[in-house]
Structures are given as C-alpha cells and as structure tokens.
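Participant: dropping the sequence and predicted coords here.
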Amino acid sequence: MPPSGERRNENGVCVTEQQGRDAEGYDFRAIQERWLPVWDELKPFEVEGLGTGRPRKYVLDMFPYPSGDLHMGHAEAFCFGDVLARYWRGRGYDVLHPIGWDSFGLPAENAAIKRGVDPREWTYANIAQQKASFRLYAPSFDWSRVLHTSDPEYYRWNQWLFLKMYEKGLAYRKASWVNWDPVDQTVLANEQVLADGTSERSGALVVKKKLTQWYFRITDYADRLLDDLDRLEGAWPAKVLNMQRNWIGRSRGAEVEFEIEGREEKVPVFTTRPDTLFGATFMVVAPDSDLAAELASGASPEVRMQFQDYLAQTQKQTEIERQSTEREKTGMFLDHFAVNPVNGERIPVWASDYVLADYGHGAIMAVPAHDQRDLDFALKFELPVRVVVDVRDEDGAALPDPAESGVATSGDGALVNSGELDGLPKAEAIAKAIELLETRGTGRATTTYRLRDWLISRQRYWGTPIPILHGEDGEMKPVDPASLPVELPASEGLDLKPKGSSPLGAATEWATVEDPETGRTWTRDPDTMDTFVDSSWYYLRFLSANDDTQAFDPELVNAWGPIDQYAGGVEHAILHLLYSRFITKVLHDLGYLDFDEPFTALLNQGMVLQDGAKMSKSKGNLVEFASELSAHGADALRVTLAFAGPPEDDIDWADVSVQGSAKFLARAWRIADDIEHGGAPVGVSFDGGDTALRRATHHLLADAPGLVEAYKFNVVVARLMEQVNVTRKAIDSGAGIADPAVRESAEAISMILSLFAPYAAEDMWAKLGHEPTVALAEWPAAIPELLVQDEVTMVVQVDGKVRDKITVPASITAEEAEALARASRGMQRAVRDRQIVNVIVRAPKIVSIATKPA
RNA sequence: CCCCCCAUAGCCCAAUUGGCAGAGGCAGCCGACUUAAAAUCGGUAGAGUCUGGGUUCGAGUCCCAGUGGGGGGACCA
C-alpha cells in the first residue's frame, strides 16, 4: 500500500500530495530556524589543541575586510571553502576552519572620517553584522578562535613580528623615490600600484616622492620565493604561479664595468647578454639618473641646456605614455665617451628615456645588432651597428644584416668579431665572457630582479603603530617587547583627515616617551604598518587566538600547518600571497616554523557578475547577498553558487537559477520525508536492497571524493541531482519506498548534500532517524562489488565509425572480443569485401578495425 | 611584443584523461493538476565540439598554425 498522502495519477505514476500529511512541504525558513539553535548548542566545528588524534586538515578562507555587510563575492568564496572543510570532516579528518577579520585599513578610516565617527565604531559594527550574516549562511567555522587584526591583542604580535624583522636586519629605513597616493595621502608598496600607474585602492594616479620610509627586505628572499613556486605546481592555479614569477622577474646576466673618460669611478651596467660585449657600440643612461645629471653638468653649456630640456620632457610623461612600445626613440648625446673593457674601444654615451633609472644600474651597453630597442635607437641617431653573433634561420642561411633589415637578431649562433669568443655558441660565449670579465676585474656574473623591497609604512591612523622610538639626535631604538602593545591613541581630538603626515604624530602626549632611567626623551614613530603585514601571518594566530603569552604556539602551528587548503580571490595573486610566503619563510628561518610555504593548495574563486559586468551600485546591477539570503535561504544560494560552473570561473547571476536549486533541494528533501513515512527503518541492512539503485549509490560514493578534491563541485551537485532522480524513480515506479536501497541512497544524498546545503541535509538526516549532526557523519565506503559491471557494451568500429554495439561480459578476453566483433552483423555489413589491414582490441570496451579496398 | 588560461546544444556547463559527444540545470516544447493562470509534478526535442592542418585504427581530448575572449608582464637591458 502506498504511504498516506500519495496517490496515482492517470499514468499510474505515484505523485506526492502537497496538501497531504506534511502541509508545510519543504520550507527552508522553518528548517533554518529548526537547526540554527541546535548547532549553536552543539558547536560541532570547534576543535581543541591538537585535535582528537585523527588526521588533520587546516582549511582556510581569506578573511574578510569589514566594509559593510557580506556581499555575493563573500558568499561564493566562503561557500567553496566550506565545501572543502565539510568534505574533509566527512572523510574522517579533524578539520580546523577558523574565521577572523582583516579589520585595520583605509576603507574603515575613510568611512569613519566621512561620518565623523571613530574607526573602531564603524569597524566593529560591520564585524557584528557580518558575523550575524555568517551565522545564517552557516559556514562550518570554529567560532571559538575568532580574531580581528585591529584588536590590541592581535596587533601586539604584529609589533612583535616587526621587532623580530628589525632584529634580523630585515626591517630597515631608507630614503628613496616612493609611490605616493595623492588621494589617500599615503605611500604605497609597488604591489599596490596597478600596471597603468594608478592606486589599487583609491584609483588615483600615483606620483613619485622622495621620502624616508620603512621597508621589509623581501628581495633577500627573491630566489627562494621564485624557486619554491615549483613545489606549488599543480596545487596552485597556473595563473597565480605565472603572475608571481613575472612579478619577481629574475634575470640572470652579468655586471660589466665601463670606464668613462674624465670620471674616476667606473660605471656598472647590467646585461643578460655578456656574450655580445664586442658588439656594444654605444652606451645609454637614463635621463633621470644621477649619472646622467653628473655627466651633463660636466659638459658644454649647450649640452647642459639640451639636457635640462630633455629631462623635463621625460618627467612630464605619464606612465602610460612612457610605456607605449610603439613610441619613436628619443635621446641626446651627452658629450662623453666610455671605454669597452673587453676591447678598449671608445664608445659614445647617450641619454634616452628607453633606459629606466630604477632597473639595473640605470645605464646599459647598447648592442644594436642583437637588441631591437638598441637597433631602433642606433638607426634613428645613425650610430654604428656591428654583428657579433652569426644567427642562422632554420635552413642554415644567414639572417639579413640588422643594419639593413631593421630587425635585430637575438637567437643563438656562433660568435664573430669577438676576439677570444669567436666561434663559440651563445651559452658558452656567455660563460666565457663572464670568466674574462672576472679575471680582469671588470665585471662578474649577477642577477637582477623586478621585485623591490616591501614598503610597509603608511601615513594613516587605522593601523598597527610601528614600535620604534626616535631620539632627538636621529638615533632609533626598538620598543621593549615586554611593553607591547604600543596601543593606538584614542581618535578623539585627533584630525584623521589625510594630510600627508601621520595623524599619530599630532598626538603629542602619546608620541612623547620619557625614559625613566636616563630621563631622555624619545618620540614614537608616527607611521602605521601596511595592513598586508597584519594578514601575512594571521593564519598562524588562529592556532593561539586566545593566547596572551605568545604570537602563536610553535607546537600547534607545526602540527596543523601549513594550510592544507586555502581559498580566496585572485586579486591577491601577488600582494597577500607573496607577502605571506615571505613572512612564512622568515619565521621558518627564525626557527618558529617547520615549514616554509604557508599554503599547500590554493583555490581561486571567480567573480560573481550580473549581466556580464562586475556588480556595483552605480551600475544598478547589484545583487544583494542579504536579500538573496532572505528570499531563497542559505542552502539554495550555496547550491546555486556551487552548481553554476567550475569554481575558478566567473558566475553570471543572469545565467543561473536560484529557484532551480530550491526545486532540487525540495526534491531531495521529499525523499527523506517519504522514507520517514513508510520507508525501511533506520539501521536496516542494505544487503537485500535493489541492486540497480545500490549500484548508482555506490558509484556516487566512489566518485564524489575525487570530484570534490578536483574542485568539481558543479559536477558533484549534478551527480546528486542524478541520484535524486533515480531514487525518485525507484520509489515511484521501481523498488518502492520500503526498499532498503532507497534508504541507503537517501543517507548518501544527505551526507554529500551536507557539503552544499547544510540545513536541508540536516533535516533529511533527522527524518532518516539519525541524531545531529550529519556534518560529523563519516561517509560510508563504496562497496567494490557494486561498482563492477558484469556486462558492458562493447563498441565495434570500422574505419573510425561505430558499426555495432555488443553486450559482452566485462571479463571478456581480447580473442573472444575480436571473434565476436568479426562475427557481428554491423561489422560484416561495413567491411563487405574490403580487406582488413589492422585490428585493435581494447577488451571489453572497443574493437576497432581498419580496412582498405580489396 | 612576450607568457598563461579558455572556446562543446539558445544559455550555464559534463564527458572515466585517446575509445559510443551528454551527466545535470536554465530557457523551450508536450502532458498532469487547475474554472484559468502561476507554482508544482511527469515527459520530451535539441549541438558533432571556434577555423585550418597534423599524429593515430580512433581526437572534444595530443601536436602545429590561426581566429575570438580573459588574465599577467612589458622599452626590465
């Protein structure tokens, strides 16, 4: 007898009666209200110390910045991170999945200034709101170890880190040309300036200023930061690895010292092609370099004037103009000559803006025959071009003379016109040239990097104060670590408006420190740290979030770290990820960490778009997280995001259907609801259950882990939909509701669905007679016997076309398969009287036959 | 200019890693329910894989050359 509340329609198909026994049907609001208090009580995701002894996984999402409520981007990122955290729990791991807030920084400060309130007020109100939204969205966070970087208990350790860096000589102050954001009125690190010369935060065009600032010596780690990327191959997105490699920009070559007539000191230049030294026919220096100014000042009045004009012209250009590759070369002769150290040749020295002052030494040796830029310049100003590498094309023919063709030859070939280097191929010539330079003391092998040291001081209020004291005589001393934190002064009475110098400097009482022993007066460093310092090590603090004796417990950190799975946006491909890698290596070298890479695996989610464009209030295409959440519920939202496509791809909200997800959840839920009213009892043996359904269930159990681990969440959801479909069919027109296989399938659905839809899955789990929570239920293993097919379909191909399909035992031998294929009607019809020339057998999948005309 | 990624049904996307192009969803169409519609439920049709070569018995998958799109770097010596 069918369970009450169901009846058959005209086609004999059993349909569920909506108005029947469960008047509510699937009601996401009721389900959310039912389970939230239970989870609050159970705290199922809290872990303590080293865990329970099961294997450990540390799964982390990049922590949010508290500007307003959560948005759709957060919804997506935290959905994916949570899928992975819940997955590893289901696989029997202790999972650490914490959450915190990156709560220092300019947006809070700017918003607070605009509203005339304390940044603390604005920041912590937003955090409270995001926490409430998270609770409803239900990522499986351990709420017992929350941190906020703006808490003194956190930034105290940020200062501790700074002092460690200072102690090791990795934090230093220097005067240099820096990036200045005229809107936010603070300096920026190179990483915070976009390719078009604008600030990644304010969007303002960044200008250069000469200032004394604090730096972290990240360039000391350039080689390791680059080389260790190889270990992340396959575990990090190729795109991020590529971006970091480009950013570090290692370039191997040689430093060559050129004598300049009338100048004491030699001038070093960097080249990647020391083999072409004999082809250097002139030298070029950057017009904005000290050397150019010096050489011009020693020249005739005409040259001096010409130089002033040229320099002014260079400095007037915007970054965009300067970078235009198609630009015609400009420059001027500086009325000086240099001497080529390998052959004593006298070559003219020019100034041109195609040479950059801040790369290498701001001067180059120009080899026009083998460098396009030098050739363009040489042709424009009629400078000599000398071929020193005999480059050939594929057929061994000599390439045309660059002076004639206008095309520099940069390939490999035998050296010519190059003294001792003659006849050598490029690689050997490079080695020999370096050897020559070294023995003569006029050069050496060297490496340059695009990466610059990390500028970490900021002239703003809402950040970690730099724990350094300045004496009147310019002496510096670190704050005593025992007296940390150096707390921010109250904002009351301070003018926080950006004005080019730190507001902290104006807090006279705070800034002035008297040494009780010596009576000497010191002034606190007025700057605060770049907030990327805060986030460079926060993942370690989660292990000891409530520990007021140390930044982190090395034992806990080494047990749980490094992060097994990190998830976040690709906008941090360089910034946060590079800084974190650097600080991790430093802490490793200081003996605190066993590991020297922080993030073993990285998942970058795409963006959530609307109608093909980034969502924004001004465009009027904003999809509000809060309204989606209240309209459709957390589950439907999460399923929609997971199902939309591969997680790395952008999601266009116009392409997806939250209603479709809700429909699927209702279908899944109804299966458990049906079982509750007439299904096999909880604990029943599944052995006698319907074999076809059991096969489907166990294929799902077998495939799901690989799919989740490959981030194919969309496929897992599709497989769940499929499983719901076959289970529905089994209930309505197959094995029937009471079959144990139906319960087995529903339990598997509930467990796997819990990664995406924790509420619906929990409700299903309860309806199936289990205690909460499904989040801690371990997935059953797939039974191998249910995975192997006794019979499979074998395809018979003739000349690449499918001509027949035969059902064969899965264990068929190659001989049997070939015999069956040859005997098949489809094959005989296709072959007729043609001659068989080749037979390939891949039992039991396929037999492929190649023929030719008889 | 250099490097990386992508291109499958009207749309979003699968395809056991070289073996029958289709798992799932959206939109569509048909049917059930309804006085009717929406919602819901059931059922269906629909591409030969961006283009051109190549390797192979066999290519969406591998190789080469393009086209289109996305991203990064860039007068970096």
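Facilitator: Alright, I've got the coordinates.
Participant: neighbours of A:Pro784, just the number please.
Facilitator: Per other Cβ atoms under 10 Å, the neighbour tally for A:Pro784 reads 9. For glycine as for every other residue, the C-beta is placed from the backbone atoms N, C-alpha and C.
Participant: before we move on, what about the one 3 residues further on?
Facilitator: Summarising burial for A:Leu787: neighbours were counted as other Cβ under 10 Å, giving 13.
Participant: just to check, it is in contact with A:Thr697?
Facilitator: No: using Cβ atoms under 8 Å, A:Leu787 is not in contact with A:Thr697; the gap is 10.7 Å.
Participant: would you list every one of the helices in the stretch 301-450 of chain A?
Facilitator: Listed in chain order, the helices of the stretch 301-450 of chain A (DSSP state H, counting those that start in this stretch) span residues A:301-316, A:319-323, A:372-381, A:402-405, A:426-440.
Participant: now those helices in TSV, with mean neighbour count, distance to A:Tyr221 and mean pLDDT?
Facilitator: Written out in TSV, the entries for the helices of the stretch 301-450 of chain A read as follows (neighbours: other Cβ atoms under 10 Å; distance: least, Cβ to Cβ, whole Å; pLDDT from 0 to 100):
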stretch	mean neighbour count	distance to A:Tyr221	mean pLDDT
helix A:301-316	14	33	89
helix A:319-323	12	27	59
helix A:372-381	19	31	91
helix A:402-405	15	40	87
helix A:426-440	17	25	92
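Participant: just put these in JSON lines and tack on distance to A:Phe63.
Facilitator: Supplementary listing: the helices of the stretch 301-450 of chain A in JSON lines, determined by distance: least, Cβ to Cβ, whole Å:
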{"stretch": "helix A:301-316", "distance to A:Phe63": "41"}
{"stretch": "helix A:319-323", "distance to A:Phe63": "32"}
{"stretch": "helix A:372-381", "distance to A:Phe63": "44"}
{"stretch": "helix A:402-405", "distance to A:Phe63": "54"}
{"stretch": "helix A:426-440", "distance to A:Phe63": "47"}
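Participant: as a markdown table, those with distance to RNA strand B would be great.
Facilitator: Conversion of the helices of the stretch 301-450 of chain A to a markdown table gives the following (distance: least, Cβ to the nearest atom of the strand, whole Å):
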| stretch | distance to RNA strand B |
| --- | --- |
| helix A:301-316 | 10 |
| helix A:319-323 | 4 |
| helix A:372-381 | 4 |
| helix A:402-405 | 15 |
| helix A:426-440 | 11 |
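Participant: closest to A:Leu415 out of the ones you listed?
Facilitator: A:Leu415 lies closest, by Cβ to Cβ, to one member of the helices of the stretch 301-450 of chain A: helix A:426-440, at 4.8 Å.
Participant: contacts for the closest one?
Facilitator: A:254, A:256, A:273-275, A:277, A:341-342, A:389, A:412-413, A:415, A:418, A:420-421, A:424, A:443-445 (Cβ atoms under 8 Å, 6 or more residues apart in numbering).
Participant: what do you get if the cut-off is 6 Å, keeping everything else the same?
Facilitator: Contacts of helix A:426-440 with the rest of the structure, by Cβ atoms under 6 Å, 6 or more residues apart in numbering, involve A:Ala254, A:Pro274, A:Asp275, A:Leu277, A:Asp412, A:Leu415, A:Leu421, A:Gly443, A:Arg444, A:Ala445.
Participant: same check, this time on stretch A:174-194
Facilitator: Residues outside stretch A:174-194 that contact it (Cβ under 6 Å, 6+ apart): A:106, A:199-200, A:202, A:204, A:206-213, A:452, A:454-455, A:458-460, A:498, A:500, A:574-575.
Participant: buried among the residues you listed? Make that a PyMOL selection.
Facilitator: The PyMOL command for the buried members of those (criterion: 16 or more other Cβ atoms under 10 Å) is given here:
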select buried, chain A and resi 106+199+202+204+206+211+213+452+454+455+458+459+460+498+574+575
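Participant: the contacts of stretch A:174-194 in strands, which ones?
Facilitator: Using DSSP state E, A:Val207, A:Lys208, A:Lys209, A:Lys210, A:Leu211, A:Thr212, A:Gln213, A:Trp454, A:Leu455, A:Arg458 are the members of these that sit in strands.
Participant: flag every residue of the stretch 701-850 of chain A that's near RNA strand B.
Facilitator: Within reach of RNA strand B by Cβ under 7 Å from any atom of the strand, the stretch 701-850 of chain A has these residues: A:710, A:712, A:714-715, A:717-719, A:721-722, A:725, A:728-729, A:793, A:795, A:797, A:799-800, A:802, A:805, A:838, A:840, A:842, A:845-846, A:848, A:850.
Participant: list buried residues within the residues you listed.
Facilitator: Buried members of those, scored by 16+ other Cβ under 10 Å, are A:Lys712, A:Asn714, A:Val715, A:Val717, A:Arg719, A:Met721, A:Arg728, A:Val795, A:Gln797, A:Ile846, A:Ser848.
Participant: how close does the last one sit to A:Thr807?
Facilitator: This means A:Ser848. Taken as Cβ to Cβ, to the nearest Å, the spacing of A:Ser848 relative to A:Thr807 amounts to 18 Å.
Participant: the contacts of stretch A:174-194: which ones sit near RNA strand B?
Facilitator: The overlap between the contacts of stretch A:174-194 and the neighbourhood of RNA strand B (criterion: Cβ under 7 Å from any atom of the strand) consists of A:Ile574.
Participant: of all the helices of the stretch 301-450 of chain A, which one is nearest A:Gln244?
Facilitator: With Cβ to Cβ as the criterion, A:Gln244 lies closest to helix A:319-323 of the helices of the stretch 301-450 of chain A, at 21.4 Å.
Participant: isn't A:Met243 up against A:Ala573?
Facilitator: Yes: between A:Met243 and A:Ala573 there is a contact under Cβ atoms under 6 Å: 4.6 Å.
Participant: more neighbours: which of these two?
Facilitator: Of the pair A:Met243 and A:Ala573, A:Ala573 is the one with more neighbours under other Cβ under 10 Å, namely 21 against 16.
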